[in-house]
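In: what's the 3D shape of this:
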Amino acid sequence: MIYIPSRMGQLNRRALLRRLQKLGVASRADLAKSLGMSQPTAGKIVDELIEMDVIEEVSATPAGPDGASQLGRPGRQLRLNQSRVKFLAIQLGITTTTMAEVTLGFANEDQWVSTFDIAGANPAKAWEKKLKEAAKAFKDRNFLGALLSVPGVVDEAANRILFSPNIHWTEQADLPAIIRRVWDVPVLLVQEERALALGHQLVNPECEDFLLVDFGEGVGGSVIVEGKPLAHPLPISGEIGHTPVPGNKRPCGCGATGCMETLISLRGLLESLSTTAPATENSWAGLSAYIAQHGIKPWLAQALDAAAAAIAGALNILGLRRVVLTGILAELPPAVMQYLTHAIQSGAMWARFGSVECLAAPRRRTAGMVVVGIDRIVVPDKKDRYKYSNSDKKISQPAHSQR
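Out: From the prediction side, this is the model:
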């Protein structure tokens, strides 16, 4: 018989794991106290999670009042398991797919170890073929699941891509089924900006309310309020790059004309560069050198102003005062981020009588993907367990749960 923890037991597991994610390292007593649990209850959950290989014990040398290490028996601290690979992380881009093995204990920076590109008339078939070739490097791994970061409008509950303006072939492809034909494990689709926002919040737990905007092949956003993704009734959120810009005539992959991301995405910026400075090398390095030499020219100012207007409008509607900016703009000369920050603050109502913070941060995609994997694979809610048990791949219970 498969033992399924009670609803309360599962909620307690989730609460304990989330607290350990924020603390990084903690003792049993610390966890019990911070969660308001009795020590026996917290201890029982910890023992179960250790047996499941979800958390691990590490030695902690006791420190004296001055912070110096003291002699004596080391204490035992807990952390999410960093000793064994648990998930396969896959990032799907317009042409490039990157992969990494990740543990439950997050890393501060993404470390992608395998990359491949696809081309051809049947991209889904080509992607599966490349995935099988890349799998040879991971064949000995017994993953708990695969986590796939994807752009566009994603119904994570149904594990489906509804609309992907820049990768339309994924709308008809069953990506989880393709991955399961290579690795016989549960597969989760994670909307890429949501993964970035969850990763930033995990690494910066004091940052509980913010709008994250990522600039890359497209422009997208995600909102965190009180440490959690903002709830919304439809599986669409943060599509800030598809804000229309008056006077912009560029066609967008979403089917509209004049979307902001056609100006400020990687492709949009290089298109503007080739139009206004055809003699300049049309590459990211060429763009950076051009800006360093010529500063913020009108075409670039227009793109930055359009992005700032959309971001400031979102802050005014959502009632937020902090923006986290990730992606390609931080790689350009500092004048770009300075201009964008000033433009956002000029348009944000809160800046009239308070402060609006704009923070450039690295992408922490895999950290956010692991947050989702822990919630929906390691300690799934009832709805997730039901969905997986009715799919063509069931989540196996840990050995100790056989009763």
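
In: From now on I want contacts and neighbour counts done on CA atoms only, so please keep to that.
Out: Noted.

In: give the contact list for R13.
Out: The neighbours of R13, taking C-alpha atoms under 8 Å, 6 or more residues apart in numbering as the test, are I45, V379.

In: measure it to E56 for me?
Out: Per C-alpha to C-alpha, to the nearest Å, R13 is found 15 Å from E56.

In: ditto for V323
Out: 35 Å.

In: likewise C252?
Out: Distance, C252 to E56, by C-alpha to C-alpha: 48 Å.

In: quick one: low-confidence parts of the stretch 301-403 of the chain?
Out: 382-403 (pLDDT under 70).

In: Show me the strands in it, by range?
Out: Using DSSP state E, counting those that start in this stretch, the strands of the stretch 301-403 of the chain run over 322-327, 357-360.

In: How about the shortest one, which residues are buried there?
Out: Using 16 or more other C-alpha atoms under 10 Å as the burial criterion, the residues of strand 357-360 that qualify are C358, A360.

In: what helices or strands is that strand leaning on?
Out: Secondary-structure packing of strand 357-360 (3 or more C-alpha pairs under 8 Å, 6 or more residues apart in numbering; DSSP states H and E): strand 322-327.

In: List the contacts of the strand it packs on.
Out: 209-216, 356-363.

In: from the residues you listed, which ones fall inside helices?
Out: Among the contacts of strand 322-327, DSSP state H puts none in helices.

In: For I50, give me its contacts.
Out: Residues in contact with I50, defined by C-alpha under 8 Å, 6+ apart, are E56, E57.

In: just the one 5 residues further on next, same as before
Out: Contact criterion C-alpha under 8 Å, 6+ apart gives V46, L49, L78, R79, L80, N81 as the residues in contact with I55.

In: which residues pair with the fourth one across the strands?
Out: Same thing as R79. E56 (DSSP bridges).

In: Tell me, how many residues neighbour it?
Out: 21 (other C-alpha atoms under 10 Å).

In: So for it, what's the pLDDT?
Out: At R79, the pLDDT value in this model is 92.

In: That one is in contact with R19, isn't it?
Out: No: under the criterion of C-alpha atoms under 8 Å, R79 makes no contact with R19, lying 10.4 Å away.

In: Can you tell me the centre-most residue of this protein?
Out: The residue lying closest to the centre of the chain (C-alpha atoms, centre = their mean) is A195, at 1.7 Å.

In: That one and M369 touch, don't they?
Out: Yes: the pair A195 and M369 qualifies as a contact (C-alpha under 8 Å) at a distance of 5.4 Å.

In: so what sits against both of the two?
Out: Common neighbours of A195 and M369 (criterion: C-alpha under 8 Å, 6+ apart): S149.

In: In which helix or strand does the residue lying closest to V154 once chain neighbours are set aside reside?
Out: Among residues not flanking V154 along the chain, I161 sits closest, at 4.5 Å (C-alpha to C-alpha, 6 or more residues apart in numbering). Secondary structure assignment for I161, by DSSP states H and E: strand 160-163.

In: which other helices and strands contact that strand?
Out: When contacts are defined as 3+ C-alpha pairs under 8 Å, 6+ apart, strand 160-163 packs onto strand 153-155.

In: Run the chain-centre distance for stretch 101-111.
Out: Centre-to-centre, stretch 101-111 and its host chain are 12 Å apart (C-alpha atoms, centre = their mean, to the nearest Å).

In: Show me where the protein dips below the pLDDT cut-off.
Out: Within the chain, the segments meeting pLDDT under 70 span 1-7, 60-75, 139-140, 382-403.

In: any idea which helix is longest in it?
Out: helix 298-318.

In: Report the buried residues of that helix.
Out: For helix 298-318, burial by neighbour count (16+ other C-alpha under 10 Å) applies to 300-315.

In: what's the neighbour count on N204?
Out: Neighbour tally, N204, other C-alpha under 10 Å: 11.

In: Next: L211.
Out: Using other C-alpha under 10 Å, L211 has 24 neighbouring residues.

In: I'd say L340 and A308 touch.
Out: Yes: L340 lies in contact with A308 (C-alpha under 8 Å); the separation is 6.2 Å.
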